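Undergrad: structure for this input, please:
(one chain, ligands or ions: 1)
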Amino acid sequence: MGTQVKILVTNDDGIDSPGVWALAEAMSRIGETLLVAPDTQRSGSGTSVSMRSDTSIMEVPSATQGIHAYAVGGTPTDCVIVGLWRLAQGDIDLIVSGINLGGNMGTDILYSGTVMATLQGFYRQIPSMAVSLAINGLEPQLSFDVASKVAELLALNMTNGAVPSHAILNVNVPSIPSELVRGIAVTTAASRSYVRLVASQQDGRLGHSWSPQAAAELGIHEGTDIWAVSEGWISLTPLRPAVTDHDSIPALAEHVPTLQSDLQRAVLGGTD
Ligand code: MN
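TA: Numbers count the residues shown, from 1 in each chain. As a prediction, this is how the structure comes out:
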């Protein structure tokens with residue numbers, strides 16, 4: 001290959017997270033890696049954009065050859081925008097977000113900063129992938145070995161065209177010893193929440209905890225992301241963000257003449 005593949009890495013856990021560095025190191029084995037992450041923990045920031053002109057961008061020392069790292073005073077989406085346009089001048093072949101400390105599955109992906117950061121790639125037809133380690137908080141120590149190797153293999157196959165890359169690839173890896181991982185499963189996103197959000201009793205602040213139940217107890221269907229990970233599979237879910245509810249269109253359209261005449265009467269008729 002003539003020129004090196006250029007990869008933008010981010011995640012919402014912040015520039016100090018070991019997960020984002022494990023991912024950047026894996027990507028540096030494939031190509032030139034630009035790591036741009038929030039300067040603080042920004043999990044749950046979804047698609048949030050700061051819309052500020054004074055976003056701070058600070059270069060961070062990197063011990064690994066081939067990784068240029070920056071901390072941004074903003075959200076993961078800010079990081080992708082800054083990385084893509086300000087730092088790389090649009091010259092990025094792949095966007096990878098992760099390795100998140102916690103699964104991003106089911107309906108939680110809608111507020112996940114890890115997954116939603118990749119939307120910027122999706123909208124610009126840049127192959128994009130999110131990688132999460134579905135930790136349960138009880139591990140004596142975390143291992144990114146499986147997740148970073150899967151990320152590396154998928155990144156290779158996305159950049160050489162072997163794996164379809166017109167959808168966002170959402171990857172969730174079970175946090176279990178590598179010899180217990182059963183393999184790779186293509187899944188759908190479960191239509192329920194995986195991480196339970198709970199309001200703390202003491203100070204009224206919002207806290208969150210990971211659901212400890214098995215997928216079976218949650219009523220999770222076979223073939224979904226939450227099911228796969230709870231059964232020891234690495235879950236690959238292709239995501240194509242589309243927000244229109246086509247089923248509602250006929251009923252809504254049918255009601256429009258009534259709405260129209262009511263609106264006309266209210267605006268033009270000067271009723272009370
Ligand atoms: Mn996170």
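Undergrad: I'd guess G83 is in a strand, am I close?
TA: No. Going by DSSP: H, G, I helix; E, B strand; the rest coil, the assignment for G83 is helix, not a strand.
Undergrad: so what's it closest to, chain neighbours aside?
TA: V36 (3.7 Å; C-beta to C-beta, 6 or more residues apart in numbering). (C-beta placed from N, C-alpha, C; glycine too.)
Undergrad: which strand residues bridge the residue in the stretch 51-200 of the chain positioned nearest to the ion?
TA: Relative to the ion, the nearest point of the stretch 51-200 of the chain is N100 (4.5 Å; C-beta to the ion). Per DSSP bridges, the residues bridged to N100 are S132.
Undergrad: against S191, how distant is it?
TA: 21 Å (C-beta to C-beta, to the nearest Å).
Undergrad: between these two, who's got more neighbours?
TA: Using other C-beta atoms under 10 Å as the criterion, N100 and S191 rank with N100 on top: 29 against 10.
Undergrad: buried stuff in the lengthiest helix in the chain?
TA: Assignment by DSSP state H gives helix 249-268 as the longest helix of the chain. Within helix 249-268, not a single residue qualifies as buried, counting by 16 or more other C-beta atoms under 10 Å.
Undergrad: what of stretch 31-47?
TA: 31-39, 42-47.
Undergrad: nearest to S175, out of the residues you listed: which one, please.
TA: Using C-beta to C-beta, S43 comes nearest to S175 of those, at 16.3 Å.
Undergrad: and the closest residue to the closest one other than its chain neighbours, how far from the ion?
TA: In space, and not counting its chain neighbours, S43 is closest to D12: 4.8 Å by C-beta to C-beta, 6+ apart. Using C-beta to the ion, to the nearest Å, D12 is found at 4 Å from the ion.
Undergrad: thinking again about what came up before, is it fair to say the residue nearest to G83 lies in a strand?
TA: Yes. Checked against three-state DSSP, V36 lies within a strand.
Undergrad: quick one on the thing from earlier: what about the ion: which of the buried residues of stretch 31-47 touch it?
TA: S43 (C-beta under 5 Å from the ion).
Undergrad: say whether the ion is contacted by stretch 117-136.
TA: No. Stretch 117-136 lies apart from the ion when judged by C-beta under 5 Å from the ion; the minimum separation is 7.9 Å.
Undergrad: now do that stretch: distance to the chain's middle.
TA: 4 Å (C-alpha atoms, centre = their mean, to the nearest Å).
Undergrad: and what of stretch 181-192?
TA: 15 Å.
Undergrad: so what touches it?
TA: Outside stretch 181-192, the residues that touch it by C-beta atoms under 8 Å, 6 or more residues apart in numbering are 105-107, 109, 146, 150, 170, 173-174, 218-221, 223-228, 231-239.
Undergrad: dump the C-alpha coordinates for that stretch into PDB.
TA: C-alpha atoms of stretch 181-192 as PDB (Å, rounded to 0.1, in the frame of the first residue of the first chain):
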ATOM      1  CA  VAL A 181     -14.700 -16.500  24.900                       C
ATOM      2  CA  ARG A 182     -16.900 -18.600  22.600                       C
ATOM      3  CA  GLY A 183     -16.300 -16.700  19.400                       C
ATOM      4  CA  ILE A 184     -17.800 -13.900  17.300                       C
ATOM      5  CA  ALA A 185     -21.600 -13.500  16.800                       C
ATOM      6  CA  VAL A 186     -23.400 -11.000  14.500                       C
ATOM      7  CA  THR A 187     -26.300  -9.600  16.600                       C
ATOM      8  CA  THR A 188     -29.100  -7.000  16.700                       C
ATOM      9  CA  ALA A 189     -29.300  -4.400  19.300                       C
ATOM     10  CA  ALA A 190     -31.700  -5.500  22.100                       C
ATOM     11  CA  SER A 191     -34.700  -3.300  22.500                       C
ATOM     12  CA  ARG A 192     -34.100  -2.700  26.100                       C
END
